[in-house]
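**Student:** Sequence plus the predicted model coming up.
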Amino acid sequence: MKNKLPFLFIAGLILINLLSNSCKKEKQNYIENLFSSSAWQLASVRYTISVGDTIKLDTTLNTACDTTQVFTFKDDKTCTYTNFNCVHQPTASGHWGLAENNLFLNSDIVCKDTSVVGSSKPFANAQIYNIGQYSLVLLTGDIQNYTINTKRKVIRYGFVRQKAAAQ
């Protein structure tokens, strides 16, 4: 019996460890975690017009911009954007969320811009083209429901990660 006691003790510890580690964990979403508590500085804006797979116009915007543009996401699902479209303005605030499939960013943030209307919701339905630890690429414009002969306008925003956002 003395020889079996250490074996039973170790087996009991292993069983307890297995049971405690098998508890259901909270659902974790890697892409959502990359957005939460993060600030992304705009690095490039590329504007393309295409018909089918033929590009009619491909240009880089804001090449002479003298303002820093930062898109910040917080854990409480709020977000801010500073100096959108290279226009000096107060920081715009709104909310953010991901589509169920994690392929689209939805934000109700309203930013001043150079359009006739004077403001827009630039990231109301932005396709997440790429996201990683250090880069984020969003596509906006005519990204859904188009035909092969339809003229498409797509704006590609490239961001680089900055310091963590304040809570």
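**Tutor:** Happy to help now that I have it.
**Student:** Count the neighbours of residue 91 for me.
**Tutor:** Using other C-beta atoms under 10 Å, residue 91 has 13 neighbouring residues. C-beta here means a position set from N, CA and C on the backbone, and glycine is covered the same way.
**Student:** Please name the residues that touch it.
**Tutor:** Listed by C-beta atoms under 8 Å, 6 or more residues apart in numbering, the contact set of residue 91 reads 80, 81, 82.
**Student:** Distance check, it against residue 119.
**Tutor:** As for residue 91, its distance to residue 119 is 14 Å (criterion: C-beta to C-beta, to the nearest Å).
**Student:** I'd like to know how many residues surround residue 109.
**Tutor:** By the measure other C-beta under 10 Å, the count of residues near residue 109 is 21.
**Student:** So it is in contact with residue 119, correct?
**Tutor:** No: shown here, residue 109 and residue 119 do not form a contact pair, counting by C-beta atoms under 8 Å, at 10.3 Å.
**Student:** just for the protein, where's the confidence low?
**Tutor:** The chain contains residues with pLDDT under 70 at 1-9, 11-13, 15, 17-28, 163-167.
**Student:** Could you pull out the strands in it for me?
**Tutor:** 38-51, 54-61, 70-73, 78-82, 92-98, 104-107, 111-112, 119-120, 126-131, 135-141, 151-161 (DSSP state E).
**Student:** For the fifth one, what is the distance to the chain centroid?
**Tutor:** Using C-alpha atoms, centre = their mean, to the nearest Å, the distance from the centre of strand 92-98 to the centre of the chain it belongs to is 11 Å.
**Student:** Please apply the same query to the last one.
**Tutor:** On the basis of C-alpha atoms, centre = their mean, strand 151-161 sits 12 Å off its chain's mean C-alpha point.
**Student:** Who are the packing partners of it?
**Tutor:** strand 38-51, strand 135-141 (3 or more C-beta pairs under 8 Å, 6 or more residues apart in numbering; DSSP states H and E).
**Student:** Figure out which of those is closest to residue 59.
**Tutor:** Of all these, the one in closest proximity to residue 59, counting by C-beta to C-beta, is strand 38-51 (5.3 Å).
**Student:** Report all helices and strands that that closest one contacts.
**Tutor:** strand 54-61, strand 70-73, strand 151-161.
**Student:** what angle do the last one and strand 126-131 make?
**Tutor:** Strand 151-161 and strand 126-131 meet at an angle of 50 degrees, taking axes from the mean of the first three to the mean of the last three C-alpha atoms, to 10 degrees as the criterion.
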